[in-house]
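*Asks:* this one's sequence-less:
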């Protein structure tokens, strides 16, 4: 067991001639600062494009980024040297720092756990890969925002299409707004295609409205309205007008429930500083 109640630094950053103090972590400080600047910059870009949640604060005030800034202050702190002479590196809080100029590897054939009681932050200057041979589950109690700037940083890259893609090689792809609206907006062309089957659009309780430059087609209450500020053309080799017929489309969504925690267990976890609260 290795313990340090005032903070610990594990580093493979070289110090020639044993120079510097024991908690000299200038390399780690630089990496944290770069990571903070990267995340603040991209968060600002996302907010500029309206990819933000309701009542979201400024990037520097986001909980995870604010805590990262605090961590930087902690590991960058100084204290008076022996007999009050000079300044030396000294952690204000018992932080554990891992720093390496080449890389850090942690591996196990079993399970690995990384837990935080308040916030967590992961960033990379290039790319991050997350792979699961089985299932991958991401659950968020409040809101989630996905943003891609969508432009390749290198103009020499053969593939300049670096937007956002959601693909399912097999099985069903499902998207639901169980208690709110769904909106799709694009600056360019929007295409909806079924390669082998049909495309169905239904609104069992309201209407379907198609509009373009003042003209519209509206389906509501068993009626079809075709309105246009200009000419309406109907062209076909054969025209048939028969008696009334109808078709119904059915759709349902589960009701959104509330996330409830056991007050006793939540209070116990808060008192113990635990990062998780048992749900059952």
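*Replies:* Nice, thanks for sending it over. From a predicted model like this one, the values you see are computed outputs, not experimental measurements.
*Asks:* let me see the mean pLDDT of the lengthiest helix in the chain.
*Replies:* Counting by DSSP state H, the longest helix found in the chain is helix 26-48. The predicted model assigns helix 26-48 a mean pLDDT of 90.
*Asks:* any stretches of this protein with poor pLDDT?
*Replies:* Applying pLDDT under 70 to the chain picks out residues 78-91, 249-251, 256-262, 266, 269-270, 272-280.
*Asks:* any idea where the helices of it begin and end?
*Replies:* With DSSP H as the criterion, the chain has helices spanning 26-48, 63-75, 263-272.
*Asks:* which other helices and strands does the longest one contact?
*Replies:* Right, the one you point to is helix 26-48. Judged by 3 or more CB pairs under 8 Å, 6 or more residues apart in numbering; DSSP states H and E, the packing partners of helix 26-48 are strand 8-11, helix 63-75, strand 96-99. The way it works is simple: take the backbone N, C-alpha and C, and place the C-beta from them, glycine included.
*Asks:* residues making contact with the longest helix of the chain?
*Replies:* With contact meaning CB atoms under 8 Å, 6 or more residues apart in numbering, helix 26-48 is reached by 9, 11, 13, 52, 56, 58-60, 62, 64-65, 68-69, 71-72, 75-76, 97, 99, 101, 121, 123, 125, 145, 147, 149.
*Asks:* now stretch 206-213
*Replies:* 201-202, 216-221.
*Asks:* how far off centre is that stretch?
*Replies:* The chain centre lies 33 Å from the centre of stretch 206-213; the measure is CA atoms, centre = their mean, to the nearest Å.
*Asks:* going forward, begin numbering at 53 instead of 1
*Replies:* New numbering, starting at 53: the last item is stretch 258-265.
*Asks:* for residue 270, the count of nearby residues, please.
*Replies:* 15 (other CB atoms under 10 Å).
*Asks:* who does it bridge with?
*Replies:* With DSSP bridges as the criterion, residue 270 is bridged to residue 261, residue 277.
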